[in-house]
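>>> model this:
(chains A, B, C and D)
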There are 2 protein chains.
Amino acid sequence: MKKTTIHDIARELNVTFSTVARALNDHPAISVATKAAVLETAKRLNYQQNKLASSLRSGRTNVIGIIVPSLDTSFFSSVVHGIEKVMNENGYSVLLYQTGESLTREQKGIETFLQSRVDGVLSSVSSETDGHEMYAQLRKRQVPLLFFDRAIQELPVPSVTINDYQGGFSATEHLIGQGFRRIAHITSDQNLTIFNERLRGYREALLKHGLPFQEDLVFRGRVSLELGKTSVQQLLAQGHSFDAVFAAEDYTAMGALQQLLENGIRVPKEVGVVGFANEAFGAFVTPSLSTVDQQTVKMGEETARLFLKLFGSKDYYGTNPEHIVLDPILIPRNSSQPVS
Amino acid sequence: MKKTTIHDIARELNVTFSTVARALNDHPAISVATKAAVLETAKRLNYQQNKLASSLRSGRTNVIGIIVPSLDTSFFSSVVHGIEKVMNENGYSVLLYQTGESLTREQKGIETFLQSRVDGVLSSVSSETDGHEMYAQLRKRQVPLLFFDRAIQELPVPSVTINDYQGGFSATEHLIGQGFRRIAHITSDQNLTIFNERLRGYREALLKHGLPFQEDLVFRGRVSLELGKTSVQQLLAQGHSFDAVFAAEDYTAMGALQQLLENGIRVPKEVGVVGFANEAFGAFVTPSLSTVDQQTVKMGEETARLFLKLFGSKDYYGTNPEHIVLDPILIPRNSSQPVS
DNA sequence: ATGAAAGCGCTAACAC
DNA sequence: GTGTTAGCGCTTTCAT
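Predicted structure coming up:
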């Protein structure tokens, strides 16, 4: 089946193809009659506009590109869910690119997006310390860019993030409020702002309440169930006195929780545990895991909305970049509340 | 910054743009010298090929469209993860469309993909009983189509699914093997093949082992934690004698598990529970939840690979459609094993 | 090995 | 209100 073009419709109706084009794009200067006729014929001939041609000519694709480390995590898939939903409602299509935390692939993704002439790029970066140049490319070419969750701070680019500092702070303060005094922290060695900020929140909460910040209570590694377990093992083996664990990520918290229970330590009676991310399993485990919700879907929606708003304004890169910071929500559950 | 085109490069080197085009696509008939020069100049001028133009001309976009109900579920996001990974490795970009289980939006998604001239569509349908026509459109236009997980059986379209029948069968047989005899089943009222097949597997396993299939032990609704709870409540309230629950979905199984425990019923000692989907939480709850793994990432990868393979062959719709059926994997955990 | 020319299907500026 | 015209930036065929 040969594809129908506006020329086919035009021939059928004895008008020129530009009349057809106008009818299809409901241009103001078009008679009701021809418009109706064109629409009817278009439907009859099964016409589908060729967006390649229209984008090539008009310079707009109505496509945005999303860059994420991986969809195989509930966090990013849920953010992408939110982005796609809102963008789609506003007539945009979404190109997806996973980097697997690789800078090379991130590079390639941006290049592809550039070649596809996307109207914008929404990215959660793999590394904040590198990759400035490729993002500068986007700016040079005037392609709107927005960071979500993970931003390169040095770049003046709009962003939607959550207040990880506050998340770390309120998680820690919550533990303190529950009577815990010697709180260990398990975090990532990835040197991403999100983790550094959670750590900073942890530290500040301690200091605010007159508790010492001790480096030897901070454990780092690739956040995972495993890291949670080994950290607790070390804590125990090295005879550290501690009465709570705040892990910067839920799987890690889960590992800590499991290891504590395995060692016959009662949670939250003897040791309190708080995680971060509000993974689905937290509500179901015993004791249920206290955590910090990151409002993932909302982050996606806000990202899309901010993009749409800024894209509408004349000069995307002209004005001071807007930063939306979402408030994380502490979800106190049983693992951190010995009393209630 | 004005975008660089092959004409700019040509001008710079005093050759025609077609020479440049050839160099860029490394055409065989091109001198090593000019090719090097072109490549150097392209890099220097920051040239990025315009895929819109090239696709418009060549008729290939190297873009495929994916249609899923929602990314906000671990199942589909994980499948999409697998698809994108493989497609990307093979030089394709991925357009994403979420339907939210709405037929209208599915319709719109396909239309968008048609207009974007994607090289193929990979879809997990929202409804198997409707939407034949829009998928027929794709065929008419010779756009390769592949179903994954949820297929429309009546349509002769290649697909990658899992053997839900076997999943239901082995889950049920496992419970029987553990000594359970009166096994209730909780499933969806959505009338999707995947659920019907799990039910069929449940039924056949019962019959194979000389146990009666009883309609009043089958509960239907929107699969969810809630459904699991209410089903168990009904089971209990109506005084049904039962000693196990096989839920066609993990959250539902979790609800059942919670309700059982709330009623002081010991799991798996008194009642065994098996779910379906291998959600992350299953490994962490107490007792850990037996379930059936669906090999989500593998499904994505297989989907992509099958597409690539078929796309290579001359006549996509000519031959008999190939169906890949993955084997689900029973994951026995504590909730179903009173003995071990 | 390179050049010339046509055209993919559309948008948009300019006529009438 | 409709027609005419000129591209958007590339691929591809046919010459040379």
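>>> any idea how chain A splits into domains?
A:6-49, A:63-162+A:296-325, A:164-294 (automatic domain parsing).
>>> if I look at the nearest residue to A:L211 once chain neighbours are set aside, how far off is DNA strand C?
Excluding the flanking residues, the one nearest A:L211 by CB to CB, 6 or more residues apart in numbering or on different chains is A:R181, at 6.3 Å. C-betas here are computed from N, CA, C, even on glycine. Using CB to the nearest atom of the strand, to the nearest Å, we find A:R181 at a distance of 66 Å from DNA strand C.
>>> what is the burial count for A:R181?
15 (other CB atoms under 10 Å in any protein chain shown).
>>> can you read off the backbone torsions of whatever residue of the stretch 51-200 of chain A ends up closest to DNA strand D?
Here the residue of the stretch 51-200 of chain A nearest DNA strand D is A:R57; by CB to the nearest atom of the strand that distance is 3.5 Å. When read as degrees, to the nearest 10, the backbone of A:R57 gives phi -70, psi -50.
>>> do the one 3 residues further on as well
In terms of degrees, to the nearest 10, the main-chain angles of A:R60 are phi -120, psi 140.
>>> identify the residues contacting the closest residue to it other than its chain neighbours.
Nearest residue to A:R60, sequence neighbours excluded (CB to CB, 6+ apart): A:D119, at 6.0 Å. Contact partners of A:D119, counting by CB atoms under 8 Å, 6 or more residues apart in numbering or on different chains, are A:R60, A:T61, A:N62, A:V63, A:I64, A:Y92, A:V143, A:P144, A:F311.
>>> give me that answer again for 10 Å
By CB atoms under 10 Å, 6 or more residues apart in numbering or on different chains, the contact list for A:D119 reads A:55, A:59-65, A:92-93, A:113, A:143-144, A:307, A:311.
>>> of those, just the buried ones, PyMOL syntax please.
Listed next is the PyMOL selection for buried residues among the contacts of A:D119, using 16 or more other CB atoms under 10 Å in any protein chain shown:
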select buried, chain A and resi 55+61+62+63+64+65+92+93+113+143+144+307
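>>> how about the residues of chain A by DNA strand D?
By CB under 7 Å from any atom of the strand, the residues of chain A that approach DNA strand D are A:14-19, A:22, A:27-31, A:33-34, A:53, A:56-57.
>>> now do stretch A:213-223: distance to the chain's middle.
Relative to the centre of its chain, stretch A:213-223 is centred 25 Å away, using CA atoms, centre = their mean, to the nearest Å.
>>> just how off-centre is stretch A:268-284 within its chain?
Distance, centroid of stretch A:268-284 to centroid of chain: 22 Å (CA atoms, centre = their mean).
>>> and that stretch, C-alpha only, in PDB?
The C-alpha trace of stretch A:268-284 is given here as PDB (Å, rounded to 0.1, in the frame of the first residue of the first chain):
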ATOM      1  CA  PRO A 268      13.700  -1.200  66.500                       C
ATOM      2  CA  LYS A 269      14.000  -2.000  70.200                       C
ATOM      3  CA  GLU A 270      17.800  -2.200  70.200                       C
ATOM      4  CA  VAL A 271      18.700  -0.600  66.900                       C
ATOM      5  CA  GLY A 272      16.600   1.700  64.700                       C
ATOM      6  CA  VAL A 273      16.700   1.600  60.900                       C
ATOM      7  CA  VAL A 274      15.700   4.200  58.300                       C
ATOM      8  CA  GLY A 275      16.200   3.900  54.600                       C
ATOM      9  CA  PHE A 276      15.700   6.200  51.600                       C
ATOM     10  CA  ALA A 277      13.600   5.900  48.400                       C
ATOM     11  CA  ASN A 278      10.400   4.300  49.600                       C
ATOM     12  CA  GLU A 279      10.800   1.100  47.600                       C
ATOM     13  CA  ALA A 280       7.700  -1.000  47.500                       C
ATOM     14  CA  PHE A 281       9.000  -3.700  49.800                       C
ATOM     15  CA  GLY A 282       9.500  -1.400  52.700                       C
ATOM     16  CA  ALA A 283       5.800  -1.400  53.700                       C
ATOM     17  CA  PHE A 284       5.700  -5.200  53.700                       C
END
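>>> buried ones in it?
Within stretch A:268-284, the residues scored as buried using 16+ other CB under 10 Å are A:268, A:271-284.
>>> which one of those sits closest to B:K108?
Of all the buried residues of stretch A:268-284, B:K108 sits closest to A:A280, with 29.8 Å by CB to CB.
>>> who are the contact partners of that closest one?
A:S74, A:D250, B:S74, B:D250, B:Y251, B:M254, B:E279, B:A280, B:F281, B:F284.
>>> cool, and A:V118?
By CB under 10 Å, 6+ apart, the contact set of A:V118 is A:61-66, A:92-95, A:110, A:112, A:138, A:143-144, B:93.
>>> picking that back up, which of the residues of chain A next to DNA strand D are buried?
A:V15, A:T19, A:R22, A:I30, A:A53, A:L56.
>>> the fifth one: what's its closest spatial neighbour, skipping adjacent residues?
Which is A:A53. B:L56 (5.5 Å).
>>> so what's that neighbour scoring on pLDDT?
pLDDT recorded at B:L56 is 97.
>>> so it is in contact with A:T5, correct?
No. Here B:L56 does not reach A:T5: they are 11.9 Å apart, not a contact under CB atoms under 10 Å.
>>> to what extent is the residue in the stretch 151-300 of chain A that DNA strand C sits nearest to buried, counted in neighbours?
For the stretch 151-300 of chain A and DNA strand C, the shortest gap (CB to the nearest atom of the strand) falls at A:P158, measuring 25.9 Å. If you count neighbours by other CB under 10 Å, A:P158 ends up with 23.
>>> which ones are touching it?
A:P158 neighbours (CB under 10 Å, 6+ apart): A:144-148, A:151, A:303, A:306-307, A:309-310, A:316-317, A:319-324.
>>> ok, the residue of the stretch 151-300 of chain A at minimum distance from chain B to B:G318 distance?
The nearest approach of the stretch 151-300 of chain A to chain B comes at A:F281, 3.2 Å away (CB to the nearest CB). Counting by CB to CB, to the nearest Å, the gap between A:F281 and B:G318 amounts to 47 Å.
>>> please apply the same query to A:V86.
Taking CB to CB, one finds A:V86 at 41 Å from B:G318.
>>> just checking, next helix/strand downstream of the one helix or strand A:G65 maps to?
Element membership of A:G65, judged by DSSP states H and E, is strand A:63-68. Later in the chain than strand A:63-68, the nearest helix or strand by DSSP H and E is helix A:74-89.
>>> so what secondary structure elements neighbour that following helix?
Helix A:74-89 is packed against strand A:63-68, strand A:93-98, strand A:120-123, strand A:145-148, helix A:296-312, helix B:74-89, strand B:93-98, helix B:103-115, with contacts defined by 3 or more CB pairs under 10 Å, 6 or more residues apart in numbering or on different chains; DSSP states H and E.
>>> what's the helix or strand harbouring A:V232 in contact with?
A:V232 belongs to helix A:225-237 when assigned by DSSP H and E. Applying CB under 10 Å, 6+ apart, the contact partners of helix A:225-237 are A:184-189, A:216-221, A:224, A:240-242, A:245, A:247-260, A:262-263, A:265, A:271, A:273, A:275, B:283-284.
>>> for ChimeraX, write a command that selects the buried ones of those.
This is the ChimeraX syntax for the buried subset of the contacts of helix A:225-237, where burial follows 16+ other CB under 10 Å:
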select /A:184,185,186,187,188,217,219,220,221,242,245,247,248,249,250,251,252,253,254,255,256,257,258,259,260,271,273,275 /B:283,284
